[in-house]
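>>> Quick one: sequence and predicted model below, then my questions.
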Amino acid sequence: MRVLADLDLCQGHQMCQGEAPDVFGFDEDADLVVVLQEHPEESLRPQVRAAVQYCPAMALALEEA
């Protein structure tokens, strides 16, 4: 799987970081999400799915690689 973040849509809510802190970080200076693991381990799939689902700005996507 591959994690994608659209920085043009990101509004800095940080919901993704709460759902999957090993995969998503936050750049406070830019007020934007940072993808820490573009290809996370399969065991993190439920957390990544939750982060994508609960992103208020719909800035995240999960792509099957």
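Done, it's in.
>>> Buried ones in the longest helix along the chain, by neighbour count?
Secondary structure of the chain per DSSP state H: the longest helix is helix 45-54. The neighbour-count criterion (16 or more other Cβ atoms under 10 Å) identifies Q47, V48, A51, V52 as the buried residues of helix 45-54. Bear in mind the C-beta positions are built from the backbone N, C-alpha and C, glycine included.
>>> same deal with stretch 32-43?
L32, V33, V35, P40.
>>> pull the CA atoms of the longest helix of the chain into PDB?
The C-alpha coordinates for helix 45-54 follow below in PDB (Å, rounded to 0.1, in the frame of the first residue of the first chain):
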ATOM      1  CA  ARG A  45      -3.400  -0.700   7.500                       C
ATOM      2  CA  PRO A  46      -6.300  -0.300  10.000                       C
ATOM      3  CA  GLN A  47      -4.800   2.900  11.400                       C
ATOM      4  CA  VAL A  48      -4.000   4.300   8.000                       C
ATOM      5  CA  ARG A  49      -7.600   3.600   6.800                       C
ATOM      6  CA  ALA A  50      -9.000   5.300   9.800                       C
ATOM      7  CA  ALA A  51      -6.700   8.400   9.200                       C
ATOM      8  CA  VAL A  52      -7.900   8.500   5.600                       C
ATOM      9  CA  GLN A  53     -11.500   8.100   6.600                       C
ATOM     10  CA  TYR A  54     -11.500  10.700   9.300                       C
END
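>>> just to revisit the earlier point, ok, of the buried residues of helix 45-54, which one's closest to L4?
Within the buried residues of helix 45-54, the smallest distance to L4 is 9.2 Å, found for V52 (Cβ to Cβ).
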